[in-house]
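Asker: missing the sequence, but the structure's below:
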């Protein structure tokens, strides 16, 4: 029994790096779109990365929005080197969903929603 407990403890200890937080995890401020911007909470969702609208703002500050709590980014797969791809992104101002990719560089996240080779891009900044 003692050997089993030690083996289980070792398995958990060696698996810990697999559960380490992805560097993109956190809260991000979007660029203004149609006079509004949002804070997006990005977190793991299984093996992928997803983002949910946490707060909404206009030029005067926080606003109540039916979009709070809705997914905005999902199925994003880490590609290595700060890149993420094969995901989807929802544009609240149009209600459209696009194929998406992201590139992380420190506290800057370049997000793109694409239709074929044409992409609309935003740069999100980490909220501290």
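Answerer: Alright, I've got the coordinates. Here the structure is a predicted model, which is why all the values come from computation and not from measurement.
Asker: in the sheet, who's paired with the residue lying closest to residue 102 once chain neighbours are set aside?
Answerer: Of all residues not flanking residue 102 in the chain, residue 84 sits nearest, at 4.2 Å (C-beta to C-beta, 6 or more residues apart in numbering). The way it works is simple: take the backbone N, C-alpha and C, and place the C-beta from them, glycine included. For residue 84, the beta-bridge partners under DSSP bridges are residue 78, residue 102.
Asker: give me the number of residues near residue 84?
Answerer: When counting by other C-beta atoms under 10 Å, one arrives at 24 neighbours for residue 84.
Asker: Then residue 39?
Answerer: There are 18 residues near residue 39, going by other C-beta under 10 Å.
Asker: Who are the contact partners of it?
Answerer: Neighbouring residues of residue 39 by C-beta atoms under 8 Å, 6 or more residues apart in numbering: 27-30, 53-55, 57, 127.
Asker: how close does the nearest residue to residue 85 once chain neighbours are set aside sit to residue 25?
Answerer: Of all residues not flanking residue 85 in the chain, residue 101 sits nearest, at 4.4 Å (C-beta to C-beta, 6+ apart). As judged by C-beta to C-beta, to the nearest Å, residue 101 and residue 25 stand 17 Å apart.
Asker: So between these two, which is more surrounded?
Answerer: Taking other C-beta under 10 Å, residue 101 and residue 25 do not tie; residue 101 has more neighbours (20 against 13).
Asker: check contacts around the more buried one.
Answerer: Contacts of residue 101 by C-beta under 8 Å, 6+ apart are 83-87, 111-112, 114, 119.
Asker: can you check residue 35 too?
Answerer: Contacts of residue 35 by C-beta under 8 Å, 6+ apart are 58-59.
Asker: Quick check: it vs residue 119, distance?
Answerer: Residue 35 is 22 Å from residue 119, by C-beta to C-beta.
Asker: Likewise for residue 69?
Answerer: Applying C-beta to C-beta to residue 69 and residue 119 gives a distance of 27 Å.
Asker: Comparing the two, which residue is more hemmed in?
Answerer: residue 119 (14 against 10).
Asker: and residue 73, what does it touch?
Answerer: 40, 42, 49-51, 87-90, 100, 102, 111.
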